[in-house]
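# Prediction below, plus the sequence it came from.
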Amino acid sequence: MQTVWLSGAEWLAVLRIGLGLWWLESWRHKDKKGWFERGTGIAWAADVAGKHRWAAVRAGFDKVVAPRPRLMAYVVVYAELALGLGLVTGFLTPVALAGGLLLNLLYLTLMIHDWAEQGQNAMMALISLVALFACSWQTWSLDSAIGWFGA
């Protein structure tokens, strides 16, 4: 593989770290007080799910998220933080990439009507897939330093 400036593995690490920074920004800009004390994030998602064109999304939300809104607020907010930290540091990278891919696919499915969100979630999912299958933890990662997840 011919590349410019960095090696292919280093460019994949840049992509992985950039995705991690994207997750950290998603976590940073959330109104945590609103999410945790007033339930704004889950209430917004409930409204979106309630109007969703797919019955499976409405039913899934009603079964999994609606009965435990406070817990789900913490899960969503801290999952984004954990994904960001894992990807930036390269710690448990395959787990973070698979988790991020799953979360983006859930967001993509829930927000099927929102074109702006669709683009963001589709691109983040694509980066997760590429970084996962290209073993982006080989360079500039704690996983590599520890010797975990050999390529």
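Great, that's in hand.
# Just give the nearest non-adjacent residue to residue 34, would you?
Excluding the flanking residues, the one nearest residue 34 by Cβ to Cβ, 6 or more residues apart in numbering is residue 40, at 3.9 Å. To be clear about C-beta, it is placed using only N, CA and C from the backbone, and glycine gets the same treatment.
# surely the one you found meets residue 30?
No. Using Cβ atoms under 8 Å, residue 40 is not in contact with residue 30; the gap is 9.5 Å.
# The two - which one has more neighbours?
residue 30 (18 against 15; other Cβ atoms under 10 Å).
# ok, the closest residue to that one other than its chain neighbours - contacts?
Sequence neighbours aside, residue 77 is the residue nearest to residue 30 in space, at 5.8 Å (criterion: Cβ to Cβ, 6+ apart). Residues in contact with residue 77 (Cβ atoms under 8 Å, 6 or more residues apart in numbering) are 27, 30, 32, 35, 36, 41.
# Residue 68 too?
Going by Cβ under 8 Å, 6+ apart, residue 68 touches no other residue.
# Quick check: pLDDT value at it.
Note for residue 68: predicted pLDDT of 95.
# do residue 1 as well
Reading off the model, residue 1 has pLDDT 83.
# now the one 3 residues further on
With respect to pLDDT, residue 4 scores 95.
# Could you pull up phi and psi at it?
When quoted as degrees, to the nearest 10, the phi and psi of residue 4 stand at phi -110, psi 140.
# repeat for the one 3 residues further on
Phi and psi for residue 7, reported as degrees, to the nearest 10, are phi -80, psi 170.
# do residue 121 as well
phi -70, psi -40.
# What's the local residue count around it?
20.
# Isn't it up against residue 110?
No. Assessed by Cβ under 8 Å, residue 121 is found out of contact with residue 110, at 9.3 Å.
# Give the intersection of the neighbour lists for these two.
Common neighbours of residue 121 and residue 110 (Cβ under 8 Å, 6+ apart) do not exist.
# residues touching the residue nearest the centre of the chain, list them.
Centroid check for the chain by Cα atoms, centre = their mean gives residue 100 as the closest residue, at 3.2 Å. Going by Cβ under 8 Å, 6+ apart, residue 100 touches 19, 23, 83, 87, 124, 125, 128.
# go with 7 Å
Residue 100 is in contact with 23, 83, 124, 128, counting by Cβ atoms under 7 Å, 6 or more residues apart in numbering.
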